[in-house]
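Asker: just need the structure, nothing else, for what follows:
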Amino acid sequence: MSEIPPKSLAATTRHLIQLALRVYLLCLAPITYFQRSLIYHPNRCERLLGDKADITVRSHDGLELHGWLSLAGTPRGTDSADIKQVLAAGQPVVLFFPGNAGNRSDRDIQFRVLGSLNAHVLLVDYRGYADNPGKPSEANFAKDARSVWNKLTQDLDVPPQRIVIYGESLGGGVATRLASELCQEGIEPGGLIIQSTFSSLVAVAQAHFPVAPVSLLLVDRYPSDQRIKEVTCPILQIHGQQDTIVSFSIGQKLFDAAPETSSQGIGKQQIVMPHTDHNDVYSELSDHDKLIDGLKGFLDEVDHRSKTGVNRETRTTGRSINPLKDESRFINIDWTIVVPVLLVALVVASWWYFRPPQIKPQ
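Answerer: Numbering: from 1, shown residues only. Reported below is the predicted structural model:
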């Protein structure tokens, strides 16, 4: 009886590479499949009532999305107020897009601070958040943002030059996309404020998962650094230097990508908060005065331009875009299912390629 020859070094190495590749790919599959659960953290409830005016927006696919409108200078509990009459007085309206967690009830401090600066605030929760139906996704958030914009400008008769689009963290991706699309269509908002947000979600994911090929796997990518190049309205960025979720350097890349000046020659502005982390922008006392002064100056300028007619509601650009053109051919594909299947197929293919040769009996 002949002895079984020991495995060669090459065969052992090949086996270890094969095993490591299998483990790596199998670990990526659940991360890819559940990636939206990692990105979006909604706080759900049956019905969310508060002391602000309730606003309902009909989405492109027929969903009822609920939100609150806080009216500056009016008593709390304004559900019965004549909203159009209050809005017609002329103050700026902040269209607020929040971060990826919680719901509108968690933004009371933002409502209060912005209201104290003589700005109305509209926050409609994302689909799948609070008391809203549906499931979160970048593409649907973009369409819903346009529906909320239309609610303000068409149903509530607020001129675009009085609207400041405000994006917090993930909401910065939503806000930047809306502002970019509007500007490309010749509709210029009063301004864009981006707070604690990123150049792209890919950059943030890569920073938190450095060994994963997130640039290949991520479905919702929010490439704000590309979209902000088309924003022609005034821009204000707010970012904490101690941010542990979206690092200041990632936020700086977005600011660097923004146009130096608006269409009216107004330079982009930045509020750098040295002591502030990601979630304490409005509560960090050390930087509070800097935040208030920066916001007040920006909102006052929007108010001044809207009343003096500096901003033009529309501009003739000769350009017309489809807001979702870059995603239209893939819009109905659920990549969180397709990508794990492809990964499993890759595991099988790698096993087949690296499998040890079969020795036929003599």
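
Asker: outline the domain layout of the chain.
Answerer: With domains defined by automatic domain parsing, the chain comprises 13-42+332-362, 48-316.

Asker: highest average neighbour count across these?
Answerer: Mean neighbour count, computed with mean count of other CB atoms under 10 Å, is highest for domain 48-316 among the domains of the chain, reaching a mean of 19. All C-beta atoms are positioned from the backbone trio N, CA, C, and that covers glycine.

Asker: and that domain, how far out from the chain's middle?
Answerer: How far domain 48-316 lies from its chain's middle: 9 Å, per CA atoms, centre = their mean, to the nearest Å.

Asker: quick one: mean pLDDT over that domain.
Answerer: In this model, domain 48-316 has a mean pLDDT of 93.

Asker: helices along the stretch 51-200 of the chain, start to end?
Answerer: Under the criterion DSSP state H, counting those that start in this stretch, the stretch 51-200 of the chain contains helices at 83-87, 108-116, 138-150, 170-184.

Asker: adding distance to Ile238, write those out as TSV.
Answerer: Putting these into TSV (distance: least, CB to CB, whole Å) gives the following:
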stretch	distance to Ile238
helix 83-87	25
helix 108-116	12
helix 138-150	20
helix 170-184	10
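
Asker: with respect to Val124, which of these lies nearest?
Answerer: helix 138-150 (4.9 Å; CB to CB).

Asker: what angle separates that closest one from helix 170-184?
Answerer: Counting by axes from the mean of the first three to the mean of the last three CA atoms, to 10 degrees, helix 138-150 lies at 60 degrees to helix 170-184.

Asker: residues in contact with helix 138-150?
Answerer: For helix 138-150, contacts defined as CB atoms under 8 Å, 6 or more residues apart in numbering pick out 57-61, 65, 67, 95, 97, 122, 124, 126-127, 134, 163, 173-175, 177-178, 181-182, 219-222, 323-324, 327, 331.

Asker: could you redo the last one with a cut-off of 7 Å?
Answerer: Helix 138-150 is contacted from outside by 57-60, 65, 95, 97, 124, 126-127, 134, 174, 177-178, 220, 222, 323-324, 327, 331, using CB atoms under 7 Å, 6 or more residues apart in numbering.

Asker: which residues in the stretch 151-300 of the chain form strands?
Answerer: 163-168, 191-195, 235-240, 269-273 (DSSP state E, counting those that start in this stretch).

Asker: out of the helices of the stretch 51-200 of the chain, the one nearest Lys296 is which?
Answerer: Once the helices of the stretch 51-200 of the chain are compared by CB to CB, helix 108-116 is nearest, at 9.2 Å.

Asker: give me the residues contacting the closest one.
Answerer: So helix 108-116 is in contact with Ser70, Ala72, Val94, Phe96, Val121, Tyr282, Ser283, going by CB under 7 Å, 6+ apart.

Asker: among the residues you listed, which two are most distant?
Answerer: Greatest spatial distance among those (CB to CB): Ala72 and Ser283, at 20.7 Å.

Asker: pretty sure Ser59 contacts His66?
Answerer: No - applying CB atoms under 7 Å as the test, Ser59 and His66 come out as separate, 11.2 Å apart.

Asker: coming back round to it: what's the closest of the strands of the stretch 151-300 of the chain to Ile17?
Answerer: Comparing those by CB to CB, strand 235-240 comes nearest, at 42.2 Å.

Asker: so which elements touch that closest one?
Answerer: For strand 235-240, the helices and strands in contact under the criterion 3 or more CB pairs under 7 Å, 6 or more residues apart in numbering; DSSP states H and E are strand 191-195, helix 248-257, strand 269-273, helix 288-308.

Asker: need the contact partners of it.
Answerer: With CB under 7 Å, 6+ apart as the criterion, strand 235-240 contacts 191-196, 248, 251, 255, 258, 268-273, 276-278, 281, 291, 294, 298.

Asker: also stretch 268-277?
Answerer: Residues contacting stretch 268-277 (CB under 7 Å, 6+ apart): 235-244, 255, 258-260, 281, 284, 286-287, 290-291, 294, 298.

Asker: what about it, start to end distance?
Answerer: Terminal residues of stretch 268-277 lie 22 Å apart, using CA to CA, to the nearest Å.

Asker: wait, Arg221 touches Leu201, no?
Answerer: Yes - using CB under 7 Å, Arg221 makes contact with Leu201 at a distance of 5.6 Å.

Asker: distance of Arg221 from Val214?
Answerer: Going from Arg221 to Val214 by CB to CB, to the nearest Å gives 9 Å.

Asker: overlap of the contact sets of these two?
Answerer: Val202.

Asker: quick one: closest of the helices of the stretch 51-200 of the chain to Gly50.
Answerer: It is, among the helices of the stretch 51-200 of the chain and with distance given as CB to CB, helix 108-116, at 8.6 Å.

Asker: measure how the closest one sits relative to helix 288-308, angle-wise.
Answerer: Using the same axes, to 10 degrees, helix 108-116 lies at 50 degrees relative to helix 288-308.
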